[in-house]
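Asks: task: produce atomic coordinates for the following.
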Amino acid sequence: MSDIREGLSVIHRRYVPYSHAHYGGNLVDGAYVLALFGDVVTELAIRLDGDEGLFASYSDVSFVAPVYGGDIIEVSAVCTRIGNRSRTVTLRAEVHCRATPANGPSAATVFSEPLLVTTAIGTVVIPA
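Replies: Numbers count the residues shown, from 1 in each chain. Have a look, this model is predicted:
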């Protein structure tokens, strides 16, 4: 029997500050996206169970495209399974806008289709 909470989703969108770029070409490390996943999973857990829970593990993480300072990134979490105390969550990160300094110091481009940058499957555990 499935739980009506399966399929619940949460979305966060934010600007990636240049101060988070640690590598040449304003490249942002993958840990930045994982931290965003932690934030979106925390909200999802609160909405599912009224508790922040504990993000216990990832079973899969794929970094498929780079994230840069100046990007507008959206992260989403969808609950795909409800266990007794665990929740399985599917995570995605997509870039919707990107700075284009070659076109001017504050120029940016809005993508016609979001650019998938990271996917993951995670498990959050709710206290007994």
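
Asks: can we go C-alpha only for contacts and neighbour counts from here?
Replies: Noted.

Asks: pLDDT of the strand or helix carrying residue 41, averaged?
Replies: Per DSSP states H and E, residue 41 falls inside helix 30-49. If you average the pLDDT over helix 30-49, you get 97.

Asks: from the chain's centre, how far out does that helix sit?
Replies: Distance, stretch centre to chain centre, for helix 30-49: 7 Å (C-alpha atoms, centre = their mean, to the nearest Å).

Asks: distance of the residue positioned nearest the centre of the chain relative to residue 84?
Replies: What sits nearest the mean C-alpha location of the chain, by C-alpha atoms, centre = their mean, is residue 75, with 3.2 Å. Using C-alpha to C-alpha, to the nearest Å, residue 75 is found at 26 Å from residue 84.

Asks: ok, residue 121 next?
Replies: 18 Å.

Asks: return the distance of the lowest-mean-pLDDT helix or strand in the chain from the chain's centre.
Replies: Across the helices and strands of the chain, mean confidence by mean pLDDT, DSSP states H and E is lowest for strand 21-23: a mean of 92. Strand 21-23 sits 19 Å away from the centroid of its parent chain (C-alpha atoms, centre = their mean).

Asks: do stretch 20-31 as well
Replies: Counting by C-alpha atoms, centre = their mean, stretch 20-31 comes out at 16 Å from the chain centroid.

Asks: so where's this protein shaky on pLDDT?
Replies: 1 (pLDDT under 70).

Asks: so where do the strands sit in the chain?
Replies: 9-15, 21-23, 27-28, 54-63, 67-68, 72-82, 86-99, 108-125 (DSSP state E).

Asks: columns distance to residue 45 on top of the ones you listed, output as JSON lines?
Replies: Listed next are the strands of the chain as JSON lines, based on distance: least, C-alpha to C-alpha, whole Å:
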{"stretch": "strand 9-15", "distance to residue 45": "10"}
{"stretch": "strand 21-23", "distance to residue 45": "29"}
{"stretch": "strand 27-28", "distance to residue 45": "27"}
{"stretch": "strand 54-63", "distance to residue 45": "9"}
{"stretch": "strand 67-68", "distance to residue 45": "26"}
{"stretch": "strand 72-82", "distance to residue 45": "9"}
{"stretch": "strand 86-99", "distance to residue 45": "8"}
{"stretch": "strand 108-125", "distance to residue 45": "8"}
